[in-house]
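# fold the stuff below for me.
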Amino acid sequence: MIGRSFGSVLDACAHNYPSETALVQGDVRLSYTEMFGRIRQTGRALRRLGLGPGDRLAFVMADSPALLEVMYGALWAGITTVPLNARLSLEDHKYMIEDARARALVFDSTTAERGHELLAGCSIELAIATDEAAVPERGELLERLITAEDGGAGAPVTDPDRECIIQYTGGTTGFPKGVLHSHRTLLASLYSATLELDVRPGEVSAHIAPLTHSGMVYVLPVWARGGTNVVLGGFDPAQLLHTIEHEHVTSTLMVPTMLYYLLDLPGLADRDLSSLRTLTYGAAPMGPERIEQALEVFGPIFIQVYGQSEAPAQITVLTKRDHVRARENPDLLRSCGRPVAIVDVRCADDALASVPDGEPGEIVVRGPNVTPGYINKPEETAAALRDGWLCTGDIGIRDEHGYFYIVDRKKDMIVSGGFNVYPKEVEQTLFAHPAVRDVCVVGVPDEKWGEAVKAVVVVDRDAATSGAELIEFVKTRKGSVLAPKSVDFVESIPLSSLGKHDKKALREIYWAGRERAVN
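Numbers count the residues shown, from 1 in each chain. The predicted structure is shown next:
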């Protein structure tokens, strides 16, 4: 589908919009000529160090212009990038670097301590710091490396089917899986995102999600349309609202918990957010009642995306028009949408045969944006990629209009008293209760049931309820099998580094001291 490399695409962006503003962070404003000049200088400097196609460069950095220079400079030069989420543990980072066999590591002043720890514990040939104070012994300062390099066009010729990124995600064995993408597969997802996320000429996108992970879905599409990427470096509600007003932001992407904070912010109605015309959300379930509240506050600007590292952000989409239609059909807000244009999606049984509409099956997808596999994990690759289809591990239902509804993750299913309970169905029911602000459902050990359904609930600050009331609320709507056997009230639910409910951490609280996490 996409017969180009990142280098040729980035060169085209720089050529088409030389004087437009490519990037803003605080007082820093860079034109396309300036931003892409530094990207290409970085790419040439990395090549001069001896890195080339097939070599892997890991980096652990805060969101910043320097991160984009390193990441897109390496992609421009045909070098494979290995982004490391800065919030992960040292052991996770060590495993990823060794698993990827990364030759080089880049870090900045905010991650210098971790960078030095990794250099001490991993086989790294080249160490590069973006800040002078962070340069290790026998390491390099990026600014010194790029000073003498040319910033003009002329990307190295790179085969579109060569690898360009290894994105680490959770593994079934407890070790992260390195999801591999080529220039062709990743560009297919990003070009699809340009269409499906309604990225328009001159887009101004505010980035609060990590630029190396979910935030990546907007960066290149915005540049491809001559727009501006505004880097905030994390989620600060006040900073985001200020930026929307002063930079006339047109789009942003966030996880539901971030949107909840915004909705609960005093004085939100008094802010001028009229420039914002697209708010994309995903990564975790969101209660329909909260979406309805968001529609009242922000208007019909919402897009929900469903994807995973194996098919980045582009499996299904619930469009702005779908959110409007949901006023007549509220159940539509429980959907993750219909397939994006470039993929085929269906619900299948264990033999990959399609199941009838309305019946649960595993969501499987095929298309030009699907990963070729996991590095160093042939068994997991074979399990995930079968007969040309990516098996997502998500159980879903398709309705007669082609909308998909995610029931739950296969691995999150609770077997209670011989019945299969999908936590997401319980969570969505509890979200309908006016006192529930956030909820996560897990299975906990139980002598009678094997596993019992446990709801961990955050109550709205202006509301009150009880465990008995919430249990009865689910029981009357879904029956006794799905009703929680117990409810715990907490101030907040633990989140993963990507902003999703950390069910693994939550389960460990209740399964501690047991040999198996099943009963």
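
# contacts, neighbours, all on C-alpha from now
OK.

# before we move on, what SS does Ile363 have?
Here Ile363 is recorded as strand under DSSP: H, G, I helix; E, B strand; the rest coil.

# tell me what it is bridged to.
Cys347 (DSSP bridges).

# so it sits against Asp350, correct?
No. Using C-alpha atoms under 8 Å, Ile363 is not in contact with Asp350, being 10.8 Å away.

# for the residue nearest to Leu180 when sequence neighbours are not counted, what is the enclosing helix or strand?
Nearest residue to Leu180 in three dimensions, chain neighbours excluded: Ile166, at 4.7 Å (C-alpha to C-alpha, 6 or more residues apart in numbering). Using DSSP states H and E, the element containing Ile166 is strand 163-169.

# which residues sit against that strand?
54, 75, 78-84, 96, 100, 176-183, 309 (C-alpha atoms under 8 Å, 6 or more residues apart in numbering).

# buried set for that strand?
Across strand 163-169, burial judged by 16 or more other C-alpha atoms under 10 Å covers Glu163, Cys164, Ile165, Ile166, Gln167, Tyr168.

# ok, the fifth one to Gly373 distance?
If I follow you right, that is Gln167. Distance, Gln167 to Gly373, using C-alpha to C-alpha, to the nearest Å: 11 Å.

# shared neighbours of the two, anything?
Contacts common to Gln167 and Gly373, judged by C-alpha under 8 Å, 6+ apart, are Val179, Leu180.

# circling back: tell me which of Ile363 and Asp350 has more neighbours.
It is Ile363, of Ile363 and Asp350, that has more neighbours when counted by other C-alpha atoms under 10 Å, with 26 against 9.

# what's near enough to touch the more buried one?
By C-alpha under 8 Å, 6+ apart, the neighbours of Ile363 are Val345, Arg346, Cys347, Ala348, Cys391, Thr392, Gly393, Asp394, Ile395, Gly396.

# mind checking the pLDDT average for stretch 322-337?
If you average the pLDDT over stretch 322-337, you get 89.

# endpoints of it, how far apart?
8 Å.

# just how off-centre is it within its chain?
23 Å (C-alpha atoms, centre = their mean, to the nearest Å).

# give me the buried positions along that stretch.
For stretch 322-337, by 16+ other C-alpha under 10 Å, it's Asp322, His323, Val324, Ala326, Leu332, Leu333, Arg334, Ser335, Cys336, Gly337.

# unless I'm mixing things up, the fourth one is touching Gly337, no?
No. Under the criterion of C-alpha under 8 Å, Ala326 lies out of contact with Gly337, with a separation of 11.5 Å.

# quick check: next helix or strand after the lowest-mean-pLDDT helix or strand in the chain?
Ranking every helix and strand in the chain by mean pLDDT, DSSP states H and E puts strand 419-421 at the bottom, with a mean of 74. Of the helices and strands lying after strand 419-421 in sequence (DSSP H and E), the nearest is helix 423-431.

# could you list every helix and strand in contact with that following helix?
helix 288-298, strand 404-409, strand 436-446, helix 467-478 (3 or more C-alpha pairs under 8 Å, 6 or more residues apart in numbering; DSSP states H and E).

# may I see these organised as JSON lines, with mean pLDDT, distance to Gly367 and mean neighbour count added?
What follows is the helices and strands packed on helix 423-431, written out as JSON lines (pLDDT from 0 to 100; distance: least, C-alpha to C-alpha, whole Å; neighbours: other C-alpha atoms under 10 Å):
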{"stretch": "helix 288-298", "mean pLDDT": "85", "distance to Gly367": "30", "mean neighbour count": "16"}
{"stretch": "strand 404-409", "mean pLDDT": "83", "distance to Gly367": "17", "mean neighbour count": "22"}
{"stretch": "strand 436-446", "mean pLDDT": "90", "distance to Gly367": "32", "mean neighbour count": "23"}
{"stretch": "helix 467-478", "mean pLDDT": "92", "distance to Gly367": "36", "mean neighbour count": "16"}
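
# now those in CSV, with distance to Ser416?
Below are those laid out as CSV (distance: least, C-alpha to C-alpha, whole Å):
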stretch, distance to Ser416
helix 288-298, 26
strand 404-409, 15
strand 436-446, 8
helix 467-478, 15
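
# looking at these, which is nearest to Arg144?
helix 288-298 (46.1 Å; C-alpha to C-alpha).

# so the closest one versus strand 436-446, what angle?
160 degrees (axes from the mean of the first three to the mean of the last three C-alpha atoms, to 10 degrees).

# from the contacts of Ile363, which ones fall inside strands?
Val345, Arg346, Cys347, Ala348, Cys391, Thr392, Gly393, Asp394, Ile395, Gly396 (DSSP state E).

# among these, name the buried ones.
Val345, Arg346, Cys347, Ala348, Cys391, Thr392, Gly393, Asp394, Ile395, Gly396.

# per-residue pLDDT, the fifth one?
When you say that, I think you mean Cys391. With respect to pLDDT, Cys391 has a value of 96.

# how far away is it from Arg334?
22 Å.

# and the residue of the chain positioned farthest from its centre, what is it in contact with?
Going by C-alpha atoms, centre = their mean, the residue of the chain most distant from its centre is Lys448, 38.3 Å out. Lys448 sits next to Gly417 when contact means C-alpha under 8 Å, 6+ apart.
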